[in-house]
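[1] show me the folded form of this:
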Amino acid sequence: MKIAARTPLLGALMVAGALLAALLKPTLLLADQESSLDLAHVVPAQIGAWRMVSNGNGLIVDPGQRELIEALYTETVTRAYRDGDGYLIMLSIAYGKDQRDALQLHRPEICYPAQGFVLMDRQRATLAPWRIPLTRLQTRMANRYEPVSYWTVIGDQPYAGGVAKKLHEIRYGLAGVIPDGMLVRISSLDRDADRAYEQHQAFARALIAALPPEVRPRFAGRAPPKDEKGAAS
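    The predicted structure follows:
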């Protein structure tokens, strides 16, 4: 085919490609189909054996710089809780209505090193009975040892990240929907990481159980729970 003959065809293909991209571009926010989410209201002050303390927020590492938080997240809540034995848990929840690539949730692997922490270890775990994939981090800054457990929920499914999360986002995109996202981060000041992770697991279970039933799937996903024998903990 001569160049002169190919030029109109190439032009038509480019126009068709641009039109297809525009048609497939997601425009509908999933969050607009759900009831509004007021984190400060739905996250209770009493979570199982833990009660919120008023002087603990100064200990919590922010999920990023203030400008980035305002750009990425629709709502955030940061609190500290203490149980009857005095063990302190720090909770940070960030919710974003728009989870397109430019506005992805900011994972602790990024924000902790940005604030001077060293990542010493990274593990995978599962929060039973909801089969929520957890990421566990051992972080340190000087004499501050802070084990972290966190998970993310995209739309109605929890993910640890990676290919499965991206495929889920693509499925939403092909349906013309922009998913929302939530990151739940639990941490404590503890040199004993194993002890900290046990505390995090107990607190996470108590947190989900304490949430109003109508919003619980937005924190834990919509997958049917498994019994304790069928799920890792």
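[2] which non-adjacent residue is nearest R136?
    Closest residue in space to R136, ignoring its immediate chain neighbours: Q123 at 4.3 Å, by Cβ to Cβ, 6 or more residues apart in numbering. For every residue, glycine as well, the C-beta is placed using N, CA and C.
[3] remind me what the strand or helix carrying that neighbour packs against, helices and strands.
    Secondary structure from DSSP states H and E places Q123 in strand 118-127. Secondary-structure packing of strand 118-127 (3 or more Cβ pairs under 8 Å, 6 or more residues apart in numbering; DSSP states H and E): helix 108-114, strand 132-141, helix 193-210.
[4] just to revisit the earlier point, what's the neighbour count on the residue nearest to R136?
    The number of residues packed near Q123 is 12, by other Cβ atoms under 10 Å.
[5] and if you look at V177?
    Residue neighbour count, defined by other Cβ under 10 Å, stands at 18 for V177.
[6] from K97, how far out is it?
    In this view, V177 and K97 are 12 Å apart by Cβ to Cβ, to the nearest Å.
[7] shaky segments in this protein?
    Counting by pLDDT under 70, the low-confidence segments of the chain come to 1-36, 55-73, 98-106, 160-162, 165, 223-233.
[8] surely G96 and I178 touch.
    No: the pair G96 and I178 does not pass the contact test of Cβ atoms under 8 Å, sitting 10.4 Å apart.
[9] follow-up on the earlier one: what lines up beside the strand holding Q123 in the sheet?
    strand 132-141 (antiparallel) (DSSP bridges).
[10] the strand it pairs with to helix 193-210, inter-axis angle?
    Between the axis of strand 132-141 and that of helix 193-210 there is an angle of 130 degrees, by axes from the mean of the first three to the mean of the last three Cα atoms, to 10 degrees.
[11] hang on, the earlier thing: need the helices and strands packed on strand 118-127 in a markdown table with mean neighbour count and distance to V42, can you?
    Rendered in a markdown table, the data for the helices and strands packed on strand 118-127 read as follows (neighbours: other Cβ atoms under 10 Å; distance: least, Cβ to Cβ, whole Å):
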| stretch | mean neighbour count | distance to V42 |
| --- | --- | --- |
| helix 108-114 | 17 | 22 |
| strand 132-141 | 20 | 18 |
| helix 193-210 | 18 | 10 |
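[12] kindly reformat the ones you listed as a markdown table containing distance to Y172.
    As requested, the helices and strands packed on strand 118-127 are arranged in a markdown table below (distance: least, Cβ to Cβ, whole Å):
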| stretch | distance to Y172 |
| --- | --- |
| helix 108-114 | 23 |
| strand 132-141 | 19 |
| helix 193-210 | 23 |
